[in-house]
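Visitor: Got a sequence here, can you model it:
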Amino acid sequence: MIVSMIQIIFEIPDITNIKEKRRIIKSVLAKMKQRFHLSAAEIDLQDSLSFSQIGGAIVSNSRTFGESVLQKAFDMIERETNVRIQDMKIHSEEF
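Guide: Have a look, this model is predicted:
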């Protein structure tokens, strides 16, 4: 069993309150879950107004497949959201 994980830190420009940030984060997480069948959550920086750290994971029998799905999810975030990516890591582990 291969578990592939993604961690993304991004900046959300031009927001004025935490409610706007939560709306954007919920939208990103919902798209990741619906389109790519990932487990995803905000994992850090919850109290920061303009930064967020999210993580996602997928279980499969292939490192290549898992990492390609995560890369597609990352590409979707870059294309369809108004965020500035600060850092992104994809990692797989075999269990």
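Visitor: can you give me the offset of stretch 1-19 from its chain's centre?
Guide: 5 Å (Cα atoms, centre = their mean, to the nearest Å).
Visitor: Likewise for stretch 10-20?
Guide: Using Cα atoms, centre = their mean, the offset of stretch 10-20 from its chain centre is 16 Å.
Visitor: Compute the first-to-last residue distance for it.
Guide: Taking Cα to Cα, to the nearest Å as the measure, stretch 10-20 stretches 15 Å from start to finish.
Visitor: Which residues outside it are in contact with it?
Guide: Here stretch 10-20 makes contact (Cβ atoms under 8 Å, 6 or more residues apart in numbering) with 21, 24, 49-52, 54, 77, 82-86. (Glycine included, C-beta is placed from N, CA and C.)
Visitor: farthest pair in those?
Guide: Distances among the contacts of stretch 10-20 were taken as Cβ to Cβ; the most separated pair is Leu49 and Ile77, at 19.4 Å.
Visitor: When these two are compared, which one has more neighbours?
Guide: The neighbour count for Leu49 versus Ile77, taken as other Cβ atoms under 10 Å, is higher for Ile77 (20 against 13).
Visitor: Counting by contacts, list what the helix or strand containing that one packs against.
Guide: Under the criterion of DSSP states H and E, Ile77 resides in helix 63-80. Counting contacts by 3 or more Cβ pairs under 8 Å, 6 or more residues apart in numbering; DSSP states H and E, helix 63-80 is packed against strand 2-11, helix 18-36, strand 51-60, strand 84-94.
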